[in-house]
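[1] predicted model and sequence follow; I will ask about them next.
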Amino acid sequence: MSKDEHNPTRRKILLGAGCMAGALGAPTLLAVRHAQATPATMAAAIRQVVGEATVKPGKIKLDLPPLVENGNTVQFTVSVESPMTPTDHVKAIHVFNEKNPQPNVISVHLGPRAGRADFTSRMRLADSEKVVAIAELNDGSFWADTVEVVVTIAACVEDGIP
Amino acid sequence: MTAPLINVPAHAKRGEVIAIKTLISHQMETGFRYSATGTLLPRNIITEFVCTYNGDEIFRARFYPAVAANPFLTFYTVATASGTIAFTWTGDNGFFETATANIVVE
Amino acid sequence: MSKHTRSLRLLTIVCLALFAATTPSSSAEIASANRRTDYDFMSRDTQAMQDDDAANPGMLWVQEGEALWAHKEGSGQRSCMDCHGDARFSMKGVAARYPAFDAERDRPIDLEERIINCRLNHQNATPFAYESKELLSLAAYIARQSRGAPIETGNDERLEPFIAAGREIFNRRQGQLNISCAQCHDDNWGKRLAGNIVPQAHPTGYPLYRLEWQSLGSLQRRLRACMFGMRAEPYPFGAPENIALEVFLMARAHGMPMDAPAVRP
């Protein structure tokens, strides 16, 4: 995907069938490079939350559709197996992504009063990428689930329509 | 824009785990988008959501720009007593919105 | 959206156009029994978003519309409610028969224009702009009262020349890609274009929350976006061509149940 950011001219020639060529022209080679998370920045963002602890797979499930109709609004649910008692509960759930401009998505803080370590929300996904959900338990342990999502786009996008 | 849409069961049995749904109108401008003329549109998002139950915090969320516009949340709590469940959203540019719902617990 | 996905979509549309340009433009109208709502072509997750009123973002506009309905406006300080009472009764089935023929203007008008006219003529208030939050909220609130009602548009004989005009535009090749609406929505519905399945384009859910817009929008907005996507010059809001297309599309969907405010990708 990022290859195209370095080779825009090839795409522009392919699309030169009179469509947007007139509007885009030469200056796009100097287009500002957009911020983008990478697996490294996502790892750093995760490190900020978990510190030196080992993140183990299991207990947590990230429910995301494998094929997304529109990256603007992707509904997801995170659920963690936990009795949610004062001595054994999920303190927080953090969600990260790999290719949006920024690696964090959402962080929620719960406690035994939740009854269920489970929440649903909607995220934006810029591109097909990995999404990671990490549960933080009250005993200091961290558990993760990773989902690889394919993001498609809507047809007839109207950027620039007056 | 309008008042947030809140969905809390009006009645519950003591000890029952209930689902709470919230939907609020907000553009969640990421701060990474460019206008048609090439200027960067500044970030304008809701950053925090807090839910209290008779004054005790039961759920808190930190939103980042990756949260979709018109943020939607479903979460859970144990119905402990009758009273008020209160919601607060805060964000950039002094954004502040509140809502409440009453619940009767038998 | 990344440059890559934007370019990929453009490439797909160009390929489709090149293919389309070599085939004759006679499109077959969908037989009544084969009509399926656009809802049927969405992913289960998007369908679920529409089905739950507590999760459907369009309901934020419906809620706003409910508040506006009771709000006293204009020099006479009258609200919609003062004339129309409880919308749940007075507006039931109304959106399902729009666009409707307006005798004063001697042409069809859509629901948004009807609301604008009411505001001007009966509330003596400044009209709402097209796609404004207020206009969309009222339209969403009114359309919500038709949920489940079968579309009645087209029963009125006076609409016939306008439906014919809309049909002509729908079947006409347009824009730089030289494709017609019919080539996608009559001939190739059910197939994929840039990751979404091409629906039959029945406007049963308008105004609707489009994930691409991250907002609620009107049918005219969607038509303009379609034309922009076809690389054709979109008609301005309120243009007779948009109204003709609207009334044609609603008549084409005659009998299908309304599901406003819908959610679409």
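    Ah, there it is.

[2] ok, the strand or helix carrying residue A:107 near chain B or not?
    Here residue A:107 sits within strand A:104-109, counting by DSSP states H and E. Yes: with CB under 8 Å from any CB of the partner chain as the criterion, chain B is reached by strand A:104-109 at A:104, A:105, A:106, A:107, A:108, A:109. Just so you know, the C-beta spots here come from the backbone N, C-alpha and C atoms, and that holds for glycine as well.

[3] same list, the residues you listed, but as TSV with distance to residue A:140 and neighbour count please.
    Formatted as TSV, the residues of strand A:104-109 next to chain B follow (distance: CB to CB, whole Å; neighbours: other CB atoms under 10 Å in any protein chain shown):
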residue	distance to residue A:140	neighbour count
A:104	21	23
A:105	23	27
A:106	22	24
A:107	17	18
A:108	18	23
A:109	15	18
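
[4] how about TSV for those, with pLDDT and distance to chain C added?
    Compiled in TSV, those are given as follows (pLDDT from 0 to 100; distance: CB to the nearest CB, whole Å):
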residue	pLDDT	distance to chain C
A:104	96	19
A:105	97	16
A:106	98	16
A:107	98	21
A:108	98	17
A:109	98	22
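
[5] still on that earlier bit, state the paired neighbours of the strand holding residue A:107 in the sheet, together with their directions.
    When sheet partners are counted by DSSP bridges, strand A:104-109 sits next to strand A:90-97 (antiparallel), strand B:56-63 (antiparallel).

[6] who's in contact with the closest residue to residue B:56 other than its chain neighbours?
    Sequence neighbours aside, residue A:113 is the residue nearest to residue B:56 in space, at 7.2 Å (criterion: CB to CB, 6 or more residues apart in numbering or on different chains). Residues in contact with residue A:113 (CB atoms under 8 Å, 6 or more residues apart in numbering or on different chains) are B:53, B:56, B:58, B:77, B:78, B:80.

[7] tell me the one of the residues you listed nearest chain C?
    Taking CB to the nearest CB as the measure, chain C sits nearest to residue B:77 out of the contacts of residue A:113, at 15.9 Å.

[8] residue contacts, the residue nearest to the closest one when sequence neighbours are not counted?
    With CB to CB, 6+ apart as the criterion, residue B:77 has its nearest non-adjacent residue at 4.8 Å, and that residue is residue B:58. Residue B:58 sits next to A:110, A:111, A:113, A:114, B:51, B:52, B:77 when contact means CB under 8 Å, 6+ apart.

[9] go again using 7 Å as the cut-off
    A:113, A:114, B:51, B:52, B:77 (CB atoms under 7 Å, 6 or more residues apart in numbering or on different chains).

[10] per-residue pLDDT, the residue nearest to residue C:258 when sequence neighbours are not counted?
    What sits nearest to residue C:258 in space, not counting adjacent residues and going by CB to CB, 6+ apart, is residue C:146, at 4.4 Å. At residue C:146, the model reports a pLDDT of 98.

[11] is it true that residue C:146 lies in a helix?
    No: the assignment for residue C:146, made by DSSP: H, G, I helix; E, B strand; the rest coil, is coil rather than a helix.

[12] quick one: contacts for residue C:95?
    Counted by CB under 7 Å, 6+ apart, residue C:95 has contacts C:111, C:142, C:143, C:146, C:258, C:260.

[13] how does it look with 10 Å?
    C:110-111, C:114, C:139-147, C:149, C:151-153, C:206-207, C:250, C:258, C:260 (CB atoms under 10 Å, 6 or more residues apart in numbering or on different chains).

[14] quick one: low-confidence parts of chain B?
    B:1 (pLDDT under 70).

[15] would you map the helices across it?
    For chain B, no helices are identified by DSSP state H.

[16] just the stretch 1-150 of chain C next, same as before
    C:3-21, C:44-51, C:58-69, C:80-84, C:87-90, C:111-121, C:133-144 (DSSP state H, counting those that start in this stretch).

[17] make JSON lines from the ones you listed and add mean neighbour count and distance to chain B to it.
    Formatted as JSON lines, the helices of the stretch 1-150 of chain C follow (neighbours: other CB atoms under 10 Å in any protein chain shown; distance: least, CB to the nearest CB, whole Å):
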{"stretch": "helix C:3-21", "mean neighbour count": "17", "distance to chain B": "12"}
{"stretch": "helix C:44-51", "mean neighbour count": "17", "distance to chain B": "9"}
{"stretch": "helix C:58-69", "mean neighbour count": "22", "distance to chain B": "4"}
{"stretch": "helix C:80-84", "mean neighbour count": "16", "distance to chain B": "16"}
{"stretch": "helix C:87-90", "mean neighbour count": "14", "distance to chain B": "16"}
{"stretch": "helix C:111-121", "mean neighbour count": "19", "distance to chain B": "17"}
{"stretch": "helix C:133-144", "mean neighbour count": "25", "distance to chain B": "6"}
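
[18] so residue B:27 touches residue B:42, yeah?
    No: using CB atoms under 10 Å, residue B:27 is not in contact with residue B:42, being 11.7 Å away.

[19] out of these two, which sits in the busier spot?
    residue B:27 (14 against 11; other CB atoms under 10 Å in any protein chain shown).

[20] enumerate every residue touching the more buried one.
    Counting by CB under 10 Å, 6+ apart, residue B:27 has contacts B:1, B:41, B:44, B:45, B:46, B:69, B:70, C:214, C:215.

[21] tally of neighbours for the second one?
    Residue B:41 is surrounded by 13 other residues when neighbours are defined as other CB under 10 Å.

[22] need the residues of chain C near chain B, please.
    C:1, C:49, C:52-68, C:133, C:137, C:209, C:211, C:213-216 (CB under 10 Å from any CB of the partner chain).

[23] just checking: which of those also lie near chain A?
    C:1, C:49, C:55, C:57, C:209, C:211, C:213, C:214.

[24] show me where the chain dips below the pLDDT cut-off.
    I'll assume chain A. A:1-37, A:154-162.

[25] let's do chain C instead
    C:1-27.

[26] show me the contacts for the residue nearest to the spatial centre of it.
    Residue closest to the average C-alpha location in chain C (CA atoms, centre = their mean): residue C:219, at 2.5 Å. Residue C:219 is in contact with C:98-99, C:110-112, C:139, C:203, C:205-208, C:242, C:245-246, C:249-250, counting by CB under 10 Å, 6+ apart.

[27] for it, which non-adjacent residue is closest in space?
    residue C:206 (4.4 Å).

[28] surely that neighbour is in a strand?
    No: using three-state DSSP, the assignment for residue C:206 is coil, not a strand.

[29] picking that back up, pull the most distant pair out of the contacts of residue B:58.
    A:114 and B:52 (13.2 Å; CB to CB).
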